[in-house]
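J.: This is the structure alone, sequence omitted:
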């Protein structure tokens, strides 16, 4: 299932969020709450397959992107539509909340 999640970094981030709807999970391997939300992100990738992209950015490996977007707490989820940020959530949320958020911009 996790094959549907795109892993982004400083090199490919802008190109990957430029078109369509993309939910990006900014995380780090050492972050407990990030590990808590990871299974929800995987389920969302399955739910929105073909409709929206679900992506993850490891802030330790993509410090340029994290810094340019002002990521100060993780997990931070940012919803992009055609390259523009439309919503930002900091902290763990349940699957239903995140699904409604993505559906709201599709």
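T.: Perfect, I can see it now. Source: prediction; values computed, not measured. Numbers count the residues shown, from 1 in each chain.

J.: Can you give me the first-to-last residue distance of stretch 54-69?
T.: Terminal residues of stretch 54-69 lie 18 Å apart, using C-alpha to C-alpha, to the nearest Å.

J.: mean confidence for that stretch?
T.: For stretch 54-69, mean pLDDT is 97.

J.: Tell me the buried residues in it?
T.: Residues of stretch 54-69 classed as buried: 54, 55, 56, 57, 58, 59, 62, 65, 66, 69 (neighbour count, 16 or more other C-beta atoms under 10 Å). In short, each C-beta sits where N, CA and C put it, glycine included.

J.: Next: stretch 90-103.
T.: 98, 99, 101, 102.

J.: Next: stretch 10-22.
T.: 13, 16, 17, 21, 22.

J.: quick revisit: please convert the buried residues of stretch 90-103 to TSV, extending it with secondary structure.
T.: Conversion of these to TSV gives the following (DSSP: H, G, I helix; E, B strand; the rest coil):
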residue	secondary structure
98	helix
99	helix
101	helix
102	helix
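
J.: for those residues, which one is nearest residue 29?
T.: Nearest to residue 29 among those is residue 98, at 20.9 Å by C-beta to C-beta.

J.: you'd agree the closest one is up against residue 40?
T.: Yes - counting by C-beta atoms under 8 Å, residue 98 touches residue 40, with 6.6 Å between them.
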